[in-house]
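K.L.:
Give me the fold of what follows.
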Amino acid sequence: MATLQSGDIVFHNATVFDGTESTPRYVASVVVRQGFIHKISEPSTLNDALKGEIKADTRVIDCDNGRWCLCPGFIDMHAHSDLSLLHTPDHLAKITQGVTTEVIGQDGISYAPTDDAAMARIRKQIAGWNGNPKEPEDFFDRWRTVGEYLDVLDKGLDGKGIATNAAFLVPQGNLRILTVGYEDRAATAEELERMKEILTASLEQGAVGMSSGLTYVPGNHASFDELAALCKVLVKYRAYYCPHHRSYGKGAIEAYAEMIRLARQTGVRLHLTHATLNAPHNVGRADELLKMIDEAIEEGVDISMDTYPYLPGSTTLSSLLPTWVSSASDTLSILDDHAQLEKIKHHYLVVSPDGRQGSTVDWDLIEIGGVMNNDLAHACVGKRISQIASERNEDNFSTFIWLLKADDFSSTILAHVGIEDNVRKIMRHPRHTGGSDGILTSTKPHPRGWGTFPRYLGHYGRDLAEGKSRNLYPAKANIEDGPAEEFEVVEPETIFVGGLEEAVNHLTGRPAEVVRMRDRGLVKEGYRADLVLFDADEIRDRATFVQPKQAAAGIRAVLVNGVFAVDEGQPTGARAGRTLLVFRVRALSPGALLALFPVGAPGRIAYPYITRVMSVAEHETCLTKAGPSADLLRVAAAANPHLALPTMQFDWRVNLTGLDFTKFTFAKGHSDPTNAPVGYP
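P.N.:
Below is the predicted model:
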């Protein structure tokens, strides 16, 4: 008979989607204890315990004989929460849609690693993505390295933590800023070596991989060979590469091909982020892209991808500028120069600026989603550039330049393009995962920031199969009454042939495999209790393009590390998220490893392994065990009795109580392992 303890949380009679694609849903009772999934059992095994006296702080949630479904917390593979996790700590956009882990540092530019000069320019460059908070006054002075940023993030600005877990990618654009700057030229040999040193240090401080923004300055100035050199560093650390590639327009297929060639040549694990083909040039080309990916996978190339379940995209207005303008040290002076302005205008009207990636701009499709200058909000937010130009009695290009300058290059846009057939084909792929790419700070942002994950399950996982599609542009929407419930009758189509199990897997177990999270992404005993309780018939996105900041429907509870972030449909304000680090212990010999961690000791480290001694095959063998192989470690120690290995990686998945951490030398900035970071081999 199962017993319950003080503080336990019990989901009784829940329908469990365990995060794998192969396991059919099943009804069970799940016990959460001290932040972990303690027990999964037949509901009847808890009957006697539930009939007895339940301690006051033990929570039993009746899931109505399977009506309520329990699945792992959703993992957002492309998040722009780098500042909002700190500055808007309730983080309602993500928590209310069931996101428990986010991968940040996306698109090749973020706030670490930096120096003072780089930080000043980066803050301005990506203010449209993340805002540019002025309070507290020392906000941006608290870190410069990746390790320092992750330490600040883990604690939160006020020391009370963050709402979701967060993993960080080293932004490749930052590496260029710190070495080459914004110049459009090849890096020197010395500059490239310095980039590799900064990348290495950042990985050793806890980053899980590297991102690129190859349509954004200055990352787009990197050559194939430069990227390859950096990817070889990632291979050394078994980290992954997450590129926003060089074109999402006319040259999209060629841009994807370049990234796949990079993975072939270097062996890096490749994750193609927001892997869309939404520009008009790419109608019907999803099959071409997927064929290219499948051929590479058959050759042994490790490729995955993420998408958001919408057609329109979103970015900054300044990203539409030609690269030669964005790269300048004083972009404003160029826009004030009549001759230069005429050159830019010629690009837009005739040549096509590279910011539009192979096509001239259709200003009817560009909507202003947010401005930093509140005086511009009424005149601009929610309107297309062409409409604003008409109201100003000037041409579209002049309005574009005016708004760039008036809002200090901080405006965000929605680009109303998209090809539904491509979206559906790509999301069906077995290596697909979900990523919101949500910009959260805009006045009227893209609804994907609030609705991505419920939309995958509700719209694509359920409604389309039933022949209905929700209108994201509801004409009757009223802010006071909530979003209009407008559905269109469509031809039924099953998107996920494996049912809701497959859809859940795309958002949980599969992304956990990509990031190499060893204790998240599944409903499994011993795993972290990142969980979502939802109604499979009711879960859906409520955010629309008219009202984008609407919480999802059908989600009853969200747990982050075993703590309720949403309870009975309402946010709790809890901040139980942690930074998920690749925690690398330095200068520890195999012999010392055996002394510190007796093989088979219960409640200790689950998967220790030695990077420089074991082969890859031995790594994988060790990782399948409850602990390290005694013979394997003894062989390693005997072969290298005095070797102080430069990199040791551990998965701190289980209880750390009783370990003597004074015997370790930790990577700079991470001297306290008690936050139990997750290791990624």
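K.L.:
Distance of residue 487 relative to residue 574?
P.N.:
As judged by CB to CB, to the nearest Å, residue 487 and residue 574 stand 34 Å apart. To be clear about C-beta, it is placed using only N, CA and C from the backbone, and glycine gets the same treatment.
K.L.:
repeat for residue 78
P.N.:
24 Å.
K.L.:
if you count what's nearby, which of those two comes out ahead?
P.N.:
residue 78 (28 against 20; other CB atoms under 10 Å).
K.L.:
OK, contacts around the closest residue to that one other than its chain neighbours?
P.N.:
Using CB to CB, 6 or more residues apart in numbering and skipping residues adjacent in sequence, the residue nearest residue 78 is residue 435, 3.1 Å away. Shown in contact with residue 435 (CB atoms under 8 Å, 6 or more residues apart in numbering): 76-79, 103, 273-274, 306-308, 452.
K.L.:
if you look at those, which of them are in helices?
P.N.:
residue 452 (DSSP state H).
K.L.:
and which of the contacts of residue 435 is nearest residue 65?
P.N.:
Checking these against residue 65 with CB to CB, the nearest one is residue 452 at 29.9 Å.
K.L.:
residue contacts, that closest one?
P.N.:
76, 97, 308-310, 434-436, 438, 541.
K.L.:
would JSON lines of those residues with pLDDT be doable?
P.N.:
Conversion of these to JSON lines gives the following (pLDDT from 0 to 100):
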{"residue": "76", "pLDDT": "99"}
{"residue": "97", "pLDDT": "98"}
{"residue": "308", "pLDDT": "96"}
{"residue": "309", "pLDDT": "96"}
{"residue": "310", "pLDDT": "94"}
{"residue": "434", "pLDDT": "98"}
{"residue": "435", "pLDDT": "98"}
{"residue": "436", "pLDDT": "98"}
{"residue": "438", "pLDDT": "94"}
{"residue": "541", "pLDDT": "96"}
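K.L.:
Could you single out the nearest of the residues you listed to residue 43?
P.N.:
Lowest distance from residue 43 to the contacts of residue 452 (CB to CB) belongs to residue 97, with 28.0 Å.
K.L.:
Next one: that closest one from residue 434, what distance?
P.N.:
From residue 97 to residue 434 the distance is 11 Å (CB to CB).
K.L.:
In three-state terms, label residue 426 for me.
P.N.:
Following DSSP: H, G, I helix; E, B strand; the rest coil, residue 426 is assigned to helix.
K.L.:
circling back to that earlier point, name the residues contacting each of residue 97 and residue 434.
P.N.:
74, 452-453.
K.L.:
which regions of the stretch 1-150 of the chain lie under the pLDDT threshold?
P.N.:
Within the stretch 1-150 of the chain, the stretches with pLDDT under 70 are 1-2, 53.
K.L.:
now the strands for it?
P.N.:
9-16, 26-33, 36-41, 59-62, 68-72, 74-76, 99-104 (DSSP state E, counting those that start in this stretch).
K.L.:
Could you dump the ones you listed into JSON lines with distance to residue 244 added?
P.N.:
Putting the strands of the stretch 1-150 of the chain into JSON lines (distance: least, CB to CB, whole Å) gives the following:
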{"stretch": "strand 9-16", "distance to residue 244": "35"}
{"stretch": "strand 26-33", "distance to residue 244": "37"}
{"stretch": "strand 36-41", "distance to residue 244": "35"}
{"stretch": "strand 59-62", "distance to residue 244": "40"}
{"stretch": "strand 68-72", "distance to residue 244": "26"}
{"stretch": "strand 74-76", "distance to residue 244": "16"}
{"stretch": "strand 99-104", "distance to residue 244": "13"}
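K.L.:
Export the ones you listed as CSV, with columns for mean neighbour count and distance to residue 86.
P.N.:
CSV is the format used below for the strands of the stretch 1-150 of the chain (neighbours: other CB atoms under 10 Å; distance: least, CB to CB, whole Å):
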stretch, mean neighbour count, distance to residue 86
strand 9-16, 24, 28
strand 26-33, 21, 27
strand 36-41, 19, 27
strand 59-62, 17, 30
strand 68-72, 27, 25
strand 74-76, 32, 17
strand 99-104, 29, 11
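K.L.:
I'd like to know which of the ones you listed lies nearest to residue 512.
P.N.:
Taking the strands of the stretch 1-150 of the chain one by one with CB to CB, strand 74-76 is closest: 6.1 Å.
K.L.:
Which strands or helices does that closest one pack on?
P.N.:
Helices and strands touching strand 74-76, by 3 or more CB pairs under 8 Å, 6 or more residues apart in numbering; DSSP states H and E, are strand 99-104, strand 432-434, helix 448-455, helix 509-515.
K.L.:
Many thanks, I have nothing further to ask.
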